[in-house]
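[1] coords below, sequence missing:
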């Protein structure tokens, strides 16, 4: 965001606090490499599990992130529930908003990744694409970043942390655990399936220790505050 809004006073202040825009660019590229490696590992793991281990449920089934007819029904059913026109849908392991989150990041990685590397290694890419396309890459890279930040710090944060039932924070990302009551309430279809198959018992574990929950509250709280602050600064940069 400091690079995208480099002319904004807050962006210059923030960059100066960490050593200038040169330092910002260094951390930007470092994080790009880390994210690329993480994304590559994720895709490789999916391919291995689907092709080698034949876990086709990842493509179509209860463990799949691929949208299906139930997601469409749940989407409209949830709106009816919001308006008091029907019962709340019973979600499985992944609700429709989880899948929206996932695919938004998935296709966004390709867009923001290719455009970013095209600018990073401009001399190489200029040999295979018209030079004017690098200007388009700069535009796409910045706009995709704004879209990602806007979505993550509004829609995603609300669905994950701020909506009733999760407020003030969902600690699952830090603890890796979900209580049986939470599973039954938030994922009733998955709970019913695990209970019927007798697989629920193998997922039982000890409650997370207090230090881990406190760590999650500190890290998660910092992320939420930083995200909301960045969203506010982004809005200020647009309207100034």
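    Structure's in. What do you need? Note that this is a predicted model, so its numbers are computed, not measured. Numbering: from 1, shown residues only.
[2] same for the lengthiest helix in the chain, what does it pack against?
    The longest helix of the chain (DSSP state H) is helix 210-239. On a contact count with 3 or more CB pairs under 8 Å, 6 or more residues apart in numbering; DSSP states H and E, helix 210-239 meets helix 9-17, helix 132-151, helix 157, helix 172-175. No exception for glycine: its C-beta is placed from N, CA and C like everyone else's.
[3] thinking residue 87 is in contact with residue 81, fair?
    Yes - counting by CB atoms under 8 Å, residue 81 is a contact partner of residue 87 at 6.4 Å.
[4] Please, which helix or strand holds the most far-flung residue of the chain relative to its centre?
    In the chain, residue 127 marks the outermost C-alpha relative to the chain mean, sitting 34.0 Å out by CA atoms, centre = their mean. For residue 127, there is no host helix or strand (DSSP states H and E).
[5] What separation is there between it and residue 29?
    21 Å (CB to CB, to the nearest Å).
[6] cool, residue 187 as well?
    Residue 187 is 38 Å from residue 29, by CB to CB.
[7] Mind listing residues that contact the lowest-mean-pLDDT helix or strand in the chain?
    The helix or strand of the chain with the lowest confidence, counting by mean pLDDT, DSSP states H and E, is helix 157 at a mean of 85. Residues outside helix 157 that contact it (CB atoms under 8 Å, 6 or more residues apart in numbering): 224, 227, 228.
[8] Out of these, which end up buried?
    224, 227 (16 or more other CB atoms under 10 Å).
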